[in-house]
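S.K.: Return a 3D structure for these sequence lines:
(one chain, ligands or ions: 1)
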Amino acid sequence: MGDRPDTNPPDSRLQDSDIQQFRQNFRGVVFTPDDPGYDEARRVYNRMIDRRPRLVARCVNVADVMSAVNFARDYHLPPAIRGGGHNVAGFGVCDDGIVIDMSLMKGIRVDPEQQTVRAEAGCTWGDLDHATHAFGLAAPGGIISTTGIAGLTLGGGVGHLTRKCGLSCDNLLSVDVVTADGRFVTASEAKHPELFWAIRGGGGNFGVITSFEYRLHPIRNVVAGPILYGLDKARDAMRNYRDFMKTAPEDVNGFFAFLLVPPGPPFPEALWNQAMCGAVMCYTGPATNASEALRPLIEFGPPAMVGLGEMPFPALQGAFDALVPKGMLHYWKADFVNELTDEMIDMHVQFGPMIPTVNSAMHVYPVSGAAHRLGRHDTAWSYRDAQYVHVIAAMYDNDADTEGNRAWVREYWNALHPLSAGGAYVNFLMDAANEDEGRVAASYRDNYDRLAAVKATYDPKNLFSVNQNIKPGVTAMVPGQTTAHVSER
Ligand SMILES: Cc1cc2nc3c(=O)[nH]c(=O)nc-3n(C[C@H](O)[C@H](O)[C@H](O)COP(=O)(O)OP(=O)(O)OC[C@H]3O[C@@H](n4cnc5c(N)ncnc54)[C@H](O)[C@@H]3O)c2cc1C
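M.R.: Residues are numbered from 1 along each chain as shown. This next block holds a predicted model:
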């Protein structure tokens, strides 16, 4: 873990008897370095991360979460909160602290009449989609079903339904939270509104979310899949995609990618391992209208492959899971993008085809459509004016490929960054304390001070610091006083 000046050193007074007592009040499973299963329990998705916590506390209910938070605070053990464990910066584990692991908390209750769902924080998107799909409903998640709903939603949440339904965090109705003082609160527009504002984009800075309540959308099947073009058409294909997306209806979503074609179905063998570009589309309108809606992409080129088909929404969410199994090495860099200019496209055409290994890729995700209906101050997610977020993601299995992959990411990003909007989607960053210094504040822009004030109210000692950290800051001004904590109902 990087330097975290506000994190207290672990308490050397922590005795085995303290851990023993903690276990007695805990319904879930506790792992210490002496327990079988410890190494598996500390493992996160990105194999590059190898950290040794004092404890992993796998909670089964809110009472367990409260115990774990109180224990962390009382013994000065920095807590790492883990939902799906996907975070590439490795915030789901820490050295010398306690992992508050939510992965056993998977309760889900769909309310088909209200079209809402309440899901516990250990759910993955696959878990949530499975439960809601039975009712012909969906919440907007990402593009991989094994990602946790928790980390993805708290950072924002960009995926196949962004243009139709907004970011994942835009669809939150309420959250249950255990705060740094061990209190349980429910935050919504009506209750603890500042906290509710902050958690929609502000990450895991403000407490442990034990459950999320989402608004659902009547989406059962989609027409989706990849449209791939040869590199000789890359520049024009990317311009065509950009021009098409400018006026595309919100039922149309699609991210543009440079990739090495995976060697397996559904890709034709002739294309395997070839560097190509293209868009992965998702159309939520009537299936019979899909060809017409996507015609400008299908007719351009022509494409080397049109892999569109009608499928249940969860099938799309899981379609790429096999490309990114747990335990690969990840190194990512990202930016927000106001306009996909010709100059940026030229950079993509130069660097995109140089992808070193087959799972690595560059993706440009639209963050427009419904995501633009909220203003930059309506939630903590600041970049409501950006059209896209791009991520250059090295994902590979062989340690020997590290140097080539890192160099590709860095050189590509160095070329693009000066043309970008400045900040980045926090869920696509490596650990800002080490790797992406200054990028957290840049990502929240003028929302940062308000986030710092909420942090000062709910976590004044920065207990929750294993994250893209927001430091407790100047508290909100109240007339007649010099400073005061943000007023909360
Ligand atoms: C293969 C892959 C695909 C991805 N695809 C997408 C995508 O399509 N769209 C997208 O937006 N992002 C995507 N991401 C990024 C993803 O959003 C982040 O990695 C996110 O942090 C993962 O959430 P998690 O719960 O799985 O992670 P974890 O590592 O478990 O948690 C990450 C951080 O989130 C916070 N957190 C987790 N649970 C809680 C909780 N219960 N309470 C409070 N804080 C908590 C903590 O700060 C924690 O350290 C992807 C990542 C990977 C590796």
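
S.K.: switch to C-alpha atoms for all contacts and neighbour counts from now on
M.R.: OK.

S.K.: What parts of this protein come near the ligand?
M.R.: By the criterion of CA under 6 Å from any ligand atom, the positions of the chain lying close to the ligand are 80-88, 90-92, 121, 142-144, 147-152, 157-159, 203-204, 207-210, 324, 427-428, 466-467.

S.K.: Nearest to the ligand: which residue in the stretch 301-450 of the chain?
M.R.: Scanning the stretch 301-450 of the chain for the residue nearest the ligand gives N427, at 4.5 Å (criterion: CA to the nearest ligand atom).

S.K.: Contact partners for the nearest residue to that residue once chain neighbours are set aside?
M.R.: Nearest-residue entry for N427: G155, 5.6 Å, with adjacent residues in sequence omitted and distances by CA to CA, 6 or more residues apart in numbering. Contact criterion CA atoms under 8 Å, 6 or more residues apart in numbering gives 169, 199-204, 381, 425-427 as the residues in contact with G155.

S.K.: before we move on, back to that, now, which of the residues of the chain next to the ligand lie within strands?
M.R.: With strands taken from DSSP state E, the overlap with the residues of the chain next to the ligand comprises 80-82, 208-210.

S.K.: okay, now the domains of the protein?
M.R.: For the chain, whose domains are defined here by automatic domain parsing, the residue ranges read 16-101, 222-433.

S.K.: just so I know, which of these lies nearest A180?
M.R.: A180 sits nearest to domain 16-101 of all the domains of the chain, at 6.6 Å, using CA to CA.

S.K.: ok now the closest one, how far from the chain's centre?
M.R.: With CA atoms, centre = their mean, to the nearest Å as the basis, the distance from the averaged C-alpha position of domain 16-101 to the chain average is 21 Å.

S.K.: got it, and stretch 210-218?
M.R.: Counting by CA atoms, centre = their mean, stretch 210-218 comes out at 16 Å from the chain centroid.

S.K.: And it, what's buried?
M.R.: Across stretch 210-218, burial judged by 16 or more other CA atoms under 10 Å covers 210-217.

S.K.: want to try a markdown table for those, with pLDDT and secondary structure as columns?
M.R.: Supplementary listing: these in a markdown table, determined by pLDDT from 0 to 100; DSSP: H, G, I helix; E, B strand; the rest coil:
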| residue | pLDDT | secondary structure |
| --- | --- | --- |
| T210 | 99 | strand |
| S211 | 98 | strand |
| F212 | 99 | strand |
| E213 | 99 | strand |
| Y214 | 99 | strand |
| R215 | 98 | strand |
| L216 | 98 | coil |
| H217 | 98 | strand |
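
S.K.: Of those, just say which sits nearest to the ligand.
M.R.: Comparing those against the ligand with CA to the nearest ligand atom picks out T210 as the nearest, at 5.5 Å.

S.K.: For that closest one, list the residues it contacts.
M.R.: Counting by CA under 8 Å, 6+ apart, T210 has contacts 62, 65, 102, 120-121, 175-178.

S.K.: Of those - the most surrounded one?
M.R.: Of these, M102 is surrounded by the most neighbours, 30 neighbours in total, counting by other CA atoms under 10 Å.

S.K.: List the residues that contact it.
M.R.: Contacts for M102 were tallied using CA under 8 Å, 6+ apart; they are 58-60, 81-83, 121-122, 210.

S.K.: residue contacts, the closest residue to K326 other than its chain neighbours?
M.R.: Closest residue in space to K326, ignoring its immediate chain neighbours: Y45 at 4.8 Å, by CA to CA, 6+ apart. Taking CA under 8 Å, 6+ apart as the definition of contact, the neighbours of Y45 are 85-88, 90, 326-328.

S.K.: Sort out which of the contacts of G155 are buried, if you could.
M.R.: Applying a neighbour-count criterion of 16+ other CA under 10 Å, the buried members of these are 169, 199-204, 381, 425-427.
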